[in-house]
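S.K.: Got a predicted structure here, sequence first:
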Amino acid sequence: MIKNALIVGLGGGLGSMLRYSSSLFALKYFGGWFPWATWSVNMLGCLLAGMLFGLSGNITNSTMRLLWLVGFCGGFTTFSAFALENINWWQMKEYYKIISYTLVSISSSFAAVWLGTAIVK
């Protein structure tokens, strides 16, 4: 259990550092009205999560799955986990879960950000 937590932590730390670096790069070179830094990190994270998910049948070592899928992608972006969960439900034809999870996730994340800003004011 502790070994797995350390593996996830290592991957998460690496993902978080890369997210920070990627965000700085995107802000420096793309700027503008659109949140390119967040969008690009989320899209790269989703792409990587999809690739790793597609290879997961070939990644038989659970340590590698914990390091890269759970840790690295989770640290790089949680949006990739959100998309991966929805794709999994899509494959199982559980469309009602996709719709409800998406609506709840988006509305509650907006509400949480609003609440957080209200709390600190």
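M.R.: Looks like it came in fine.
S.K.: ok, and for the helix or strand bottoming out on mean pLDDT in the chain, which residues are buried?
M.R.: Ranked by mean pLDDT, DSSP states H and E, the weakest helix or strand in the chain is helix 36-55, scoring a mean of 83. Neighbour counts over helix 36-55 (16 or more other Cβ atoms under 10 Å) mark W36, A37, T38, V41, N42, L44, G45, C46, L48, A49, L52, F53 as buried. Heads up, the C-betas are built off the backbone N, CA and C, glycines and all.
S.K.: Next: stretch 69-87.
M.R.: Neighbour-count burial for stretch 69-87 flags 69-77, 79-84, 86 (criterion: 16+ other Cβ under 10 Å).
S.K.: residues in contact with G45?
M.R.: Taking Cβ atoms under 8 Å, 6 or more residues apart in numbering, we find G45 in contact with G15, R19, C73, F76, T77, F79, S80.
S.K.: Let me have those in a markdown table, extended by distance to K97.
M.R.: What follows is the contacts of G45, written out as a markdown table (distance: Cβ to Cβ, whole Å):
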| residue | distance to K97 |
| --- | --- |
| G15 | 26 |
| R19 | 27 |
| C73 | 21 |
| F76 | 24 |
| T77 | 21 |
| F79 | 18 |
| S80 | 18 |
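S.K.: on that earlier part again, and the least confident helix or strand of the chain, how far from the chain's centre?
M.R.: Helix 36-55 sits 7 Å away from the centroid of its parent chain (Cα atoms, centre = their mean, to the nearest Å).
S.K.: Likewise for stretch 8-24?
M.R.: In this view, stretch 8-24 has its centroid 11 Å away from the chain centroid, taken as Cα atoms, centre = their mean.
S.K.: pLDDT of it, averaged?
M.R.: Average pLDDT, stretch 8-24: 94.
S.K.: Check stretch 109-116 too.
M.R.: The predicted model assigns stretch 109-116 a mean pLDDT of 88.
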